[in-house]
Every structure is written in structure tokens, then in C-alpha cells.
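A.B. asks: Mind folding the following:
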Amino acid sequence: MDLNYKKIIFTLILLIGIIFAIINRESFDNKNIKNILEFYGTFAPVIFIFIYALATVLFLPGLILTILAGALFGPFFGTIYAISGATLGATLAFLNARYISYGKIEKMIEGSKLEFIKKSVEEEGWKFVAFTRLVPLFPFNLLNYSFGLTKIKLSEYIWSSFLFMIPGTLGYVYLGFTGTEIVTGGENIIQTILILIAILVTVMYLPHYIKKVSKMKGSID
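C.D. replies: Predicted structure coming up:
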């Protein structure tokens with residue numbers, strides 16, 4: 001039997017990362033993460049993305065990290081780093097569920113929920129992934145593993161996750177940036193707050209708009 005060296009290497013890297021994160025689990029808090037990022041300077045973005053990816057794989061809350069990205073890196077780069085970390089972590093969780101821990105993940109997820117996800121993916125494909133990224137029907141981390149148990153292509157899963165996570169990520173990143181501006185007394189605070197409100201309103205309305213457009217398209221077809 002031929003050995004799949006890519007799968008073996010991926011498994012080893014994943015296991016090393018998981019063991020490292022479990023051993024240092026207590027260090028995953030805002031203060032320690034911020035200190036690490038400041039220490040590494042120009043390498044801070046890479047460290048942040050790595051931490052975000054690990055947190056996603058280990059079912060740790062990514063929302064705090066997303067807000068922290070805005071506080072540390074600002075709205076533009078914060079969004080880039082947060083979405084990169086979230087996408088990388090979501091991809092690793094997907095691959096873990098599909099190729100390594102299929103049986104364990106299947107037992108972990110409630111049967112009815114998993115069947116609903118599988119059926120929805122079969123009917124809608126990447127559109128269902130896109131919708132769940134915009135509308136939090138299920139916990140983000142659990143959803144990543146769930147998609148690994150479906151028949152969706154990895155490429156479709158990655159690009160649809162990346163693209164449709166951007167609105168929500170931008171909203172929470174800007175929330176972190178706004179909080180920092182208020183605390184530090186930055187310039188144009190009123191303008192910053194108004195932009196935050198506009199982004200959050202857009203993020204909240206976007207799923208309803210997409211659902212409405214999908215229904216209109218379906219009726220036309």
C-alpha cells in the first residue's frame with residue numbers, strides 16, 4: 001500500500017499544534033496574546049494568524065481574537081489577518097474531519113444537525129456554506145468540522161468561507177478598533193462610531209438581502 005506522505009506530514013503538524021495548544025491552553029487570553037504580538041514585532045501578523053488558526057481547530061472562541069485584531073492592527077490589516085487566521089483554521093478543521101477524525105467528529109455532532117447540513121450541502125453546495133458564514137445557524141468551530149463530513153469540494157469550501165466571512169469579520173474587527181479609539185481618545189471618534197454602526201447594520205441586513213435575492217432568482221428559474 002502506497003503511503004500518502006502529504007497526509008502524514010499534515011497529521012504530524014496538526015498533532016504537534018494541538019499538543020502545544022493544550023499544554024499552553026491557559027496562555028490563550030487577551031493580555032498574553034497582546035504581549036506576544038508586541039514582542040515579535042514585524043512577525044506579529046504571522047503569530048496572530050497561527051494563534052487564530054489553532055484556536056479555531058481547538059474550539060476556542062475566535063470572536064475575541066477578531067475584536068483583538070482590530071485593536072492591535074487597525075480595521076484594514078486587522079480584517080486581513082483575522083480572516084486569514086479564520087480561513088486557515090476552518091480549513092484545518094475541515095481536513096481533520098474529512099481525513100483524520102471522521103468517526104469521532106460524526107459522533108460528536110448531533111445526528112439531526114449533521115443530516116441537515118449534509119442534505120443542505122447536497123442541494124445548495126457552496127451557497128449553503130456562504131449562507132451559514134453570514135448567518136450563525138451553528139457554532140462556527142463546530143460548523144467547520146461538520147462541513148468536512150459532507151461531499152463539498154475543498155476548493156469551494158475555502159473560497160466561499162473566506163469570501164462570506166469577510167462582512168462579519170470586518171464588523172467585529174472595526175468594533176475592536178472603535179473601542180481602542182474611544183479608550184485612547186483618538187481623533188474623529190464620532191465618525192468612527194458612525195462607520196461602525198453602518199458596518200454592523202449592513203452585516204445584519206446582508207443575510208436577509210441575499211435570502212430575498214435567492215428566492216426571487218428561484219421563482220424566475
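A.B. asks: does F76 sit in a helix or strand, and which one?
C.D. replies: If you go by DSSP states H and E, F76 is part of helix 63-95.
A.B. asks: Who are the packing partners of that helix?
C.D. replies: Applying 3 or more C-beta pairs under 8 Å, 6 or more residues apart in numbering; DSSP states H and E, one finds that helix 63-95 contacts helix 30-40, helix 44-57, helix 140-148, helix 154-184. Every residue, glycine included, has its C-beta placed from N, CA and C.
A.B. asks: any idea how far T42 is from P139?
C.D. replies: 34 Å (C-beta to C-beta, to the nearest Å).
A.B. asks: show me what contacts G62?
C.D. replies: 52, 55-56, 85-86, 89, 140-141 (C-beta atoms under 8 Å, 6 or more residues apart in numbering).
A.B. asks: can you rerun that using 6 Å?
C.D. replies: G62 makes contact with 55-56, according to C-beta atoms under 6 Å, 6 or more residues apart in numbering.
A.B. asks: what's the spacing between it and E124?
C.D. replies: Remark: distance between G62 and E124 (C-beta to C-beta) = 24 Å.
A.B. asks: And for G78?
C.D. replies: Per C-beta to C-beta, G78 is found 31 Å from E124.
A.B. asks: Settle it for me: which of those two has more neighbours?
C.D. replies: Neighbours were tallied for G78 and for E124 using other C-beta atoms under 10 Å; the higher tally belongs to G78 (26 against 14).
A.B. asks: Quick check: closest non-adjacent residue to the more buried one.
C.D. replies: In space, and not counting its chain neighbours, G78 is closest to A69: 3.8 Å by C-beta to C-beta, 6 or more residues apart in numbering.
A.B. asks: so where's the chain shaky on pLDDT?
C.D. replies: Residue ranges of the chain with pLDDT under 70: 1-37, 136-137, 180-221.
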